[in-house]
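Asks: Fold the following, please.
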Amino acid sequence: MQKSSFRESNGNERRLVMRKHMFGVVVMVVALAAAAQADTFTLKEHVEVGYTYSETADVTCEWSSKADKEYNKGGAPTISAGVFTGTSYYRVALVSFDLDAIPMGPGITGVKSVNSATLRVYQTSSGASSKAVQKMLESWEEGTSSGAWGATFDGASHYVRNAGTLTPKGNLTSYNHDGTTVYYIGGVTSLGDDQTEGGDANSDPTKRHYIREGNRNWEMYNRKFSRAADLDALAAAGASSDTYYYDDAADRLYVRRNSVNVRWFEEDDLWANYGPKESASVDPTMYPDITSPNPATGWYDFDVTDIAEDWLIDGDPNYGVRLVRNTAYGSSDLASSEHADSTLHPELVLDLEMARLVPEPAGLGLVGLALLALKRRRR
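Replies: I've put the predicted structure just below:
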């Protein structure tokens, strides 16, 4: 009886130890399966604890019908959204975050679902207003211009999505026309036919040119260029004349002098329809309508969960969002990613459920071995 009791007691102890080992293995496998970084991330172009650094693009595309000018403000410390009917200008703010910055730790295969997504922008100017966001449907470039009239644009404006092709001054090809030197660039057939027809660049999308009529010539370093009837007329103009001529047959754009920057655009460089204020460039759904915080300078929080799901779950291209001011008259200035106070830069706060790997076969094998060993011990 004593030996039997001893064996029974000893067996119970071994089974208890084995159960403890098995429990430890199971806990280890479960822990490995669940291990991952936190699922809440704040994307921001700001290096600080609590933030996930993300390249951020933001730009104001402005058009003024009264001044007959357009601006790119990709390098400005603020972005603006609004409409001023008195001076007839329209401002659209575009913002985009690099979603590839979302950390993917060991065992993480991607984003399973979006619990919530919040776009946060800080209004630096006073004045209550109502704002909304929309998903952009076309790509665009931020550019580096501060918005000064006369600056060379290298990003999106009201008429174009990107910088196009720049031929810097001094790099045009010289051409002798009956003893008079003129200059040209070639390979500009994309918009050549439209250019020779002229037309109103605002009302007709087929007439948006690499050189525009009137004061819409920021592609030509913001100088006012007149169209010559032919090469003879161009040659007859003064050596410093702001005159151009497009030769369809030769596929050449001629100018009178070599001291201007010529920026021209392929069809694909243009917005689909009049620029980012039009529905062809954005999802018509507004997400959502936010009233100005109190005080009027402060953070705006936009629920963009549906948009983030489009990007992260449905695989839609991430072209960022458009910020619009719904108030009929006025404009709001918001801190951009170039603002001196980096704590005010735009933020995208994401609460995500990440897709995780199922425990590896090796881990499951450990559990199986432990269970098998326990079973044998019981026998």
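
Asks: and residue 95, how far is that from residue 74?
Replies: Going from residue 95 to residue 74 by C-beta to C-beta, to the nearest Å gives 12 Å. Any C-beta I mention is one placed from the backbone N, CA and C, and that applies to glycine too.

Asks: who has more neighbours, these two?
Replies: residue 74 (28 against 23; other C-beta atoms under 10 Å).

Asks: any idea where the helices of the stretch 51-200 of the chain begin and end?
Replies: Secondary structure of the stretch 51-200 of the chain by DSSP state H, counting those that start in this stretch: the helices cover 192-197.

Asks: Can you list the low-confidence ranges for it?
Replies: The stretch 51-200 of the chain contains residues with pLDDT under 70 at 64-70, 83-88, 148-153, 188-200.

Asks: Can you tell me the number of residues neighbouring the closest residue to residue 349 other than its chain neighbours?
Replies: Leaving aside its sequence neighbours, residue 349 sits nearest to residue 118 (C-beta to C-beta, 6 or more residues apart in numbering; 4.4 Å). Using other C-beta under 10 Å, residue 118 is surrounded by 16 other residues.

Asks: what touches both of residue 95 and residue 74?
Replies: Residues within reach of residue 95 and of residue 74 at once, by C-beta atoms under 8 Å, 6 or more residues apart in numbering, are 57-58.

Asks: quick one on the thing from earlier: can you name the residues bridging to the residue nearest to residue 349?
Replies: residue 303, residue 349 (DSSP bridges).

Asks: give me the number of residues near residue 109?
Replies: So residue 109, with other C-beta under 10 Å, has 11 neighbours.

Asks: From residue 143, how far off is it?
Replies: 36 Å.

Asks: repeat for residue 73
Replies: 8 Å.

Asks: And the two? Which one has more around it.
Replies: residue 73 (30 against 24).

Asks: how much space between the more buried one and residue 323?
Replies: For residue 73, the distance to residue 323 - C-beta to C-beta - is 13 Å.

Asks: residues shared between the contacts of these two?
Replies: With C-beta under 8 Å, 6+ apart as the test, residue 73 and residue 323 both reach residue 79.

Asks: ok, back up a step: contacting residues for the residue nearest to residue 349?
Replies: So residue 118 contacts 301-304, 347-349 (C-beta under 8 Å, 6+ apart).

Asks: what pLDDT does residue 359 get?
Replies: pLDDT recorded at residue 359 is 62.

Asks: ok, now residue 340?
Replies: On the pLDDT scale, residue 340 gets 94.

Asks: what do you get for the one 3 residues further on?
Replies: pLDDT for residue 343: 92.

Asks: And the pLDDT for the residue nearest to it when sequence neighbours are not counted?
Replies: Leaving aside its chain neighbours, residue 343 sits nearest to residue 46 (6.9 Å; criterion: C-beta to C-beta, 6+ apart). At residue 46 the predicted local confidence, pLDDT, stands at 82.

Asks: got it, and the one 4 residues further on?
Replies: Listed pLDDT for residue 50 reads 85.

Asks: now residue 20
Replies: Predicted confidence (pLDDT) for residue 20: 49.

Asks: try the one 5 residues further on
Replies: On pLDDT, residue 25 comes in at 41.

Asks: Please apply the same query to the one 10 residues further on.
Replies: The confidence metric pLDDT takes the value 41 at residue 35.

Asks: Residue numbering should commence at 259 henceforth.
Replies: Understood, numbering begins at 259; the last thing we discussed is residue 293.

Asks: how much space is there between residue 304 and residue 607?
Replies: 13 Å.

Asks: I figured residue 337 hits residue 583, correct?
Replies: No. Look at residue 337 against residue 583 with C-beta atoms under 8 Å: they stay out of range, at 11.5 Å.

Asks: In terms of neighbours, single out the busier of those two.
Replies: Just comparing residue 337 and residue 583: by other C-beta under 10 Å the higher neighbour count belongs to residue 337, 28 against 21.

Asks: what's the spacing between that one and residue 530?
Replies: From residue 337 over to residue 530 (counting by C-beta to C-beta), the distance is 22 Å.

Asks: thinking again about what came up before, check the spacing between the residue nearest to residue 607 and residue 489 real quick.
Replies: 59 Å.

Asks: How about the contacts made by the nearest residue to residue 374 once chain neighbours are set aside?
Replies: Of all residues not flanking residue 374 in the chain, residue 609 sits nearest, at 4.5 Å (C-beta to C-beta, 6+ apart). The neighbours of residue 609, taking C-beta under 8 Å, 6+ apart as the test, are 297-298, 372-375.
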